[in-house]
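Asker: let me see the structure of the following:
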Amino acid sequence: MAPEALRDNWNAAWRALGVAAADEALCIELQCRYGEPQRHYHTLQHLGECLAWFEREKGLAERPGEVALALWFHDAVYDVHAHDNEARSAEWARGAILSAGAPADAADRVHALVMATRHDAVPKGRDAELLVDIDLSILGADPARFDEYERQVHAEYAFVPAEVRRPRRRAILQRFLAREAIYATPRMHALLEARARANLARSIAALA
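Answerer: Residues are numbered from 1 along each chain as shown. All right, here's what the predicted structure looks like:
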């Protein structure tokens, strides 16, 4: 997604929450976070891909501004050695929304949306389903992009020995493949489900 499109999405999200002037410095800070050197997949490329999907599918959202902000913040904190990245990202989002003068209930909903990207539970509600589907859209990408994604994920965890990293990665992919449905929203399911399953099966076989 082009820088101008990123900025337009950012400004529209805040307007939807009733904030007239979006924080430009925060927008720049978030983009810098997605450019941190330890990141290979959780980068501006991933954010841009997510926001591009959002722009196509935002008609499904009950509160599109909240979904957009949750996407901006969902990987704002990314420490490959930590296990609380989503919680820290969610807290940052809630604090930023409250500081901007938006309603507390909106801040709480965005916090919950960011936490839904932990993928350890079935998302509840239309906005959470859309957000999680968008975050998982990479699984249903064309094979070349999916293979790039897999290389990027392995690069982020290159400090883990291959004999440990590969079985762990295989187990994660198998959990996605074992789901009754990877995508909850009908259109994304129709567009991505079959390709995601083919990508996952191919990667699992390669990691065996």
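Asker: so what's the gap between the helix or strand that contains Ala90 and the chain middle?
Answerer: Element membership for Ala90 (DSSP states H and E) is helix 85-99. Distance of helix 85-99 from the chain centroid (CA atoms, centre = their mean, to the nearest Å) equals 15 Å.
Asker: may I see the buried residues of it?
Answerer: 85-86, 89-94, 96-97 (16 or more other CB atoms under 10 Å). Quick note: C-beta positions are derived from backbone N, CA and C, even for glycine.
Asker: make a markdown table out of those and add pLDDT.
Answerer: Below are these laid out as a markdown table (pLDDT from 0 to 100):
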| residue | pLDDT |
| --- | --- |
| Asn85 | 96 |
| Glu86 | 96 |
| Ser89 | 98 |
| Ala90 | 98 |
| Glu91 | 98 |
| Trp92 | 98 |
| Ala93 | 98 |
| Arg94 | 98 |
| Ala96 | 98 |
| Ile97 | 98 |
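Asker: which one of these is nearest Tyr34?
Answerer: Closest approach between those and Tyr34, by CB to CB: Ser89, at 11.4 Å.
Asker: what sits against the closest one?
Answerer: 73-77, 114 (CB atoms under 8 Å, 6 or more residues apart in numbering).
Asker: residues in contact with the top helix by length along the chain?
Answerer: The longest helix of the chain (DSSP state H) is helix 186-207. Contacts to helix 186-207, defined as CB under 8 Å, 6+ apart, come from residues 53, 57, 60, 133-134, 136-137, 139-143, 146, 150, 166-167, 169-170, 173-174, 176-177, 181-183.
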